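J.: compute the structure for the input listed below.
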Amino acid sequence: MKTLLRPTTPTGHFVQHYLEMVVAMVIGMVALGPLWSLAGDALGWTAFLHAPEPMALVMATNMSIAMCAWMRFRGHGWPATLEMAAAMYLPFVVLFPPMWAGLISTGTMMIGGHVLMLPAMAAAMLLRRAEYTAHHCEARS
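T.: Numbering: from 1, shown residues only. As a prediction, this is how the structure comes out:
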């Protein structure tokens, strides 16, 4: 029985890439987070890096580095790679103003930003559906 989610089907390629991006996000946060802590301590930036905005942007950077590295390794073009990175930052940037206005808490901004990354990634992928439904090297941007 053929399944739609096999990596050999267009939907399977799309889902596989999406899941690879989620794994890369986690790897980026786990692997690069401690480096920021060490650098912050060494440079005296610890307090600055623990403020909500830098903390969110550092996490988005950690996730983006890992995701971009994996996408380039898998043969994706720069436009798609940079759109995927933007999907990491956009949710936080959108939530900063409500946080500044006191409408949401810092915790809500952090959780909301991470939750909104998932549909933001899907939206970025849907912009280049052909790239994400084909084998990684078949449809470059």
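J.: quickly find the element holding the residue nearest the centre of the chain.
T.: Centroid-nearest residue in the chain, with C-alpha atoms, centre = their mean: residue 88, separated by 3.9 Å. Secondary structure from DSSP states H and E places residue 88 in helix 78-100.
J.: point out the other helices and strands that the next helix or strand after that helix packs with.
T.: Sequence-wise, the next helix or strand downstream of helix 78-100 (DSSP H and E) is helix 106-127. Secondary-structure packing of helix 106-127 (3 or more C-beta pairs under 8 Å, 6 or more residues apart in numbering; DSSP states H and E): helix 10-43, helix 52-73, helix 78-100. In this view, the C-beta of every residue, glycine as well, is placed from N, C-alpha and C.
J.: dump those helices to CSV, plus distance to residue 123.
T.: Formatted as CSV, these follow (distance: least, C-beta to C-beta, whole Å):
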stretch, distance to residue 123
helix 10-43, 11
helix 52-73, 15
helix 78-100, 7
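J.: so which of those gets nearest residue 115?
T.: helix 78-100 (7.8 Å; C-beta to C-beta).
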